[in-house]
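**Student:** The sequence isn't on hand, but the structure is:
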């Protein structure tokens, strides 16, 4: 069982417990549920840098990125830095996050927020909306085509945008469909954890123009972004590179300044 399968298995147990604790009807009563979402797709199309700055405390490959990180402070730092959007890890078991982190980020900033989690049930899409997300992530590696279609349709019904994450050509080809807004190419091999930015470049031309292209994982230099922009990428998800520093907001500001220069 690779790490992604392990996370998905744990997620099924976790979601079953959440459904018992907070029924769907209760989620629909929360204040953010009726809020109009901010478009990440539009922000990326208008941005010259396309940085989606990520908030995460740890990950399976890096158990101690920034365990004491305060989401409100860092989200404000990212907004001030000029990020196009913010990704918030809400998985607790493997990444040390929570829906509370997402809600705090929503209270702090007026940027599009991506709920970064492992969605295996429609209930989580309602959770995302209720907690203040604008975008959900669907990971092709843990979902079949019917699930992606169903989840994307539910997201659209709730006014959320959809970022589909793929790792290879097979996942991309079987997953392209209506109701997706952005396609993210993960440069990390989830079996070996190795990073290869060529993965984004290789898949770029196979992604239809109607989807905004996002490159994810392993981006630490502005030169890499400039190279990826040539392949048509408009979004760049960066987490560890900022979060591993003493001041993630400042790191993001310096990175974006260099990228603009």
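**Tutor:** Sure, I can see it. Everything numeric in this text was worked out from a predicted model, so none of it was measured.

**Student:** From now on I want contacts and neighbour counts done on CA atoms only, so please keep to that.
**Tutor:** Fine.

**Student:** What mean pLDDT does the longest helix seen in the chain get?
**Tutor:** Scanning the chain for the helix with the most residues, using DSSP state H, yields helix 3-21. Confidence over helix 3-21 (mean pLDDT, whole number) is 95.

**Student:** List the buried residues of it.
**Tutor:** 4, 7, 8, 11, 15 (16 or more other CA atoms under 10 Å).

**Student:** Tell me which two of the residues you listed sit farthest apart.
**Tutor:** 4 and 15 (16.1 Å; CA to CA).

**Student:** distance of residue 245 from residue 69?
**Tutor:** Residue 245 sits 10 Å away from residue 69, going by CA to CA, to the nearest Å.

**Student:** These two: which is more packed in?
**Tutor:** residue 69 (17 against 14; other CA atoms under 10 Å).

**Student:** wait, is the more buried one part of a strand?
**Tutor:** No - secondary structure of residue 69 (DSSP: H, G, I helix; E, B strand; the rest coil): coil, not part of a strand.

**Student:** Let me know the secondary structure of the residue lying closest to it once chain neighbours are set aside.
**Tutor:** Nearest residue to residue 69 in three dimensions, chain neighbours excluded: residue 57, at 6.4 Å (CA to CA, 6 or more residues apart in numbering). Assigned by three-state DSSP, the conformation of residue 57 is coil.

**Student:** so who does residue 57 touch?
**Tutor:** By CA atoms under 8 Å, 6 or more residues apart in numbering, the contact set of residue 57 is 64, 65, 66, 67, 68, 69, 95, 96, 97, 243.

**Student:** mind redoing it with 10 Å?
**Tutor:** 63-71, 89, 92, 94-97, 239-240, 243-244 (CA atoms under 10 Å, 6 or more residues apart in numbering).

**Student:** Now do the contacts for the residue nearest in space to the middle of the chain.
**Tutor:** Against the mean C-alpha coordinate of the chain, by CA atoms, centre = their mean, the closest residue is residue 116 at 4.2 Å. Residue 116 is in contact with 54-56, 86-91, 97, 102, 128, 133, 135-139, 163, counting by CA under 10 Å, 6+ apart.

**Student:** likewise residue 180?
**Tutor:** Residues near residue 180 by CA under 10 Å, 6+ apart: 138, 148-149, 152-153, 155-156, 161-164, 210-212.

**Student:** closest to residue 27 among the residues you listed?
**Tutor:** Using CA to CA, these come closest to residue 27 at residue 155, 14.5 Å.

**Student:** For the stretch 1-150 of the chain, which segments count as helices?
**Tutor:** Secondary structure of the stretch 1-150 of the chain (DSSP state H, counting those that start in this stretch): helices at 3-21, 24-27, 40-46, 71-81, 99-108, 122-131, 145-157.

**Student:** Select, out of those, the one closest to residue 253.
**Tutor:** Among the helices of the stretch 1-150 of the chain, helix 71-81 comes nearest to residue 253, with 4.1 Å by CA to CA.

**Student:** any residues touching that closest one, and which ones?
**Tutor:** 51-57, 83-88, 97, 100-111, 113, 242-243, 247-257.

**Student:** Quick one: buried ones out of those?
**Tutor:** The neighbour count (16+ other CA under 10 Å) marks 51-57, 83-88, 97, 101-106, 108-109, 111, 113, 242-243, 248-253, 255-256 as buried among the contacts of helix 71-81.
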